[in-house]
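Enquirer: Provided below for reference: sequence and predicted model.
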Amino acid sequence: MTYSEYQVVVETKKNHLSNVELIGYMDEARSVWYEYCISTGVEAVVVHLSTDFKKELFNQDQLNIRTQVARVGNTSFTLEQRVVDVHQQLVSVSEVVLTTIDIQTRQKVRVPDQVRELLQTDGTLPVKVDTSY
């Protein structure tokens, strides 16, 4: 399956990183997926997020967030995100459902074939960033 990798160093002024802040890092890791969808002519928006938190995080912890396409439906697709620390210990696992919408009308549309093909392709996400939006 197609995937992306995102590395980040935790920055927090609190004793530990809150789960809400971790979800923010995971959203940053999905930004390349949002950009990829825009390059195919649609926008992807989160309609469901489910996360299991496995390990507490602290300031300056180093994380790797791997995001991969898990399923593709008619007007939505599912990404799986796994967060591990520098010791490869599992920090969290998320399932994120995104629906594809027309950029102009804001109505749901069929998931583009380019996104569907990612389910059958092994390797990293071929990001084609379009900053004109």
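Expert: Here it is on my side, so go on.

Enquirer: Just the pLDDT for T131.
Expert: On pLDDT, T131 comes in at 44.

Enquirer: tally of neighbours for G24?
Expert: Neighbourhood size, G24 [other Cβ atoms under 10 Å]: 12. From N, CA and C alone the C-beta is placed, and that goes for glycine too.

Enquirer: Same question for S18.
Expert: 11.

Enquirer: any weak-confidence spans in the chain?
Expert: The chain contains residues with pLDDT under 70 at 128-133.

Enquirer: helix/strand/coil for the residue most central in space within the chain?
Expert: Central residue of the chain (Cα atoms, centre = their mean): R30, 2.9 Å from the mean position. Using DSSP: H, G, I helix; E, B strand; the rest coil, the structure places R30 in helix.

Enquirer: Cross-check the contact I'm expecting between it and V96.
Expert: Yes - with contact defined as Cβ atoms under 8 Å, R30 reaches V96; the gap is 6.9 Å.

Enquirer: got the buried residues for stretch 5-24?
Expert: By neighbour count on 16 or more other Cβ atoms under 10 Å, the buried set for stretch 5-24 is Y6, V8, V10, L17, L22, I23.

Enquirer: among the residues you listed, which are in helices?
Expert: Among the buried residues of stretch 5-24, the members found in helices (DSSP state H) are L22, I23.

Enquirer: Can you tell me which of the buried residues of stretch 5-24 comes closest to D113?
Expert: D113 has its nearest neighbour among these in Y6, at 25.5 Å by Cβ to Cβ.

Enquirer: which residues does that closest one contact?
Expert: By Cβ atoms under 8 Å, 6 or more residues apart in numbering, the contact set of Y6 is Y25, E28, A29, V32, N64, I65, R66, T67.

Enquirer: What is the neighbour count of the second one?
Expert: Per other Cβ under 10 Å, the neighbour tally for E28 reads 11.

Enquirer: In space, what's closest to it - neighbours in sequence excluded?
Expert: Y6 (6.8 Å; Cβ to Cβ, 6 or more residues apart in numbering).

Enquirer: and that neighbour, what are its bridge partners?
Expert: I65 (DSSP bridges).

Enquirer: Also E43?
Expert: Residues in a beta bridge with E43, per DSSP bridges, are I101.
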